[in-house]
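**Student:** When you get a sec, could you give me coordinates for this:
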Amino acid sequence: MDPIVSSIVAAVTAGAVAASKDVASGAVKDAYNGLKTILTDTYKAAFFPSLEKNPDSKNAKGTAAEEIEDSDAPKDAKVIEAAAKVIEEIEKDTGLHSALEEGGIVVKNLSSERSIILGKIKAERGVVVDNLKAGYDIKIDEITSGNSGN
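**Tutor:** Below is the predicted model of the structure:
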């Protein structure tokens with residue numbers, strides 16, 4: 001999968017999870033809803049109901065990735081900026097971090113002068129990335145944790 005598509009899917013998925021948490025800030029929900037509005041209104045994305053119902057579903061994520069990849073969304077600066085804003089607001093939301101730590105995967109304090117690309121990250125607990133800085137790009141491609149062995 002294209003790294004930009006992966007980044008957008010990661011933001012949409014993280015946003016769906018975060019927005020479903022009662023502890024998510026208004027800024028997180030607003031950023032997620034902004035990305036959702038762009039993808040829905042401009043690119044007619046239809047995957048949101050199934051992704052929001054079950055953001056851990058491989059099928060829902062696959063459908064999201066397919067719809068995003070088959071559109072011009074990865075070439076749209078507004079989509080890329082909105083996806084980055086979702087991740088940025090999630091990183092700032094300390095109450096949400098505590099809630100998400102219960103299920104694993106916390107990514108915070110990433111900064112790069114160019115792009116941050118997250119690929120496959122899977123956890124059944126664990127995986128914390130904190131305070132990572134780069135002068136160019138950050139690419140995290142594949143991390144697995146927990147007991148699944150996958």
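
**Student:** So in the chain, where's the weakest helix or strand by average pLDDT?
**Tutor:** Every helix and strand of the chain was ranked by mean pLDDT, DSSP states H and E. The lowest is helix 94-101, at a mean of 59.

**Student:** Tell me the bridge partners for K139.
**Tutor:** Under the criterion DSSP bridges, K139 forms beta bridges with I117.

**Student:** host element of S50?
**Tutor:** Using DSSP states H and E, S50 sits in helix 48-53.

**Student:** Could I get the buried residue list for that helix?
**Tutor:** By neighbour count with 16 or more other CB atoms under 10 Å, helix 48-53 contains the buried residues 48, 50-52. Where you see a C-beta, it was placed from the backbone N, CA and C, and this is true even at glycine.

**Student:** Tell me how far the host helix or strand of E81 lies from the chain's centre.
**Tutor:** Using DSSP H and E, E81 falls within helix 77-92. Centroid separation for helix 77-92 versus its chain: 9 Å, with CA atoms, centre = their mean, to the nearest Å.

**Student:** quick one: contacts for the closest residue to E52 other than its chain neighbours?
**Tutor:** Spatial nearest neighbour of E52, chain neighbours left out: A16 (5.0 Å); criterion: CB to CB, 6 or more residues apart in numbering. If a contact means CB atoms under 8 Å, 6 or more residues apart in numbering, then A16 has 32, 48, 51-52, 55 as its contacts.

**Student:** and L35, what is it in contact with?
**Tutor:** So L35 contacts 11-12, 15, 79, 82-83, 85-86 (CB under 8 Å, 6+ apart).

**Student:** quick check: mean pLDDT across the helix holding E81?
**Tutor:** Helix 77-92 shows an average pLDDT of 90 in the prediction.
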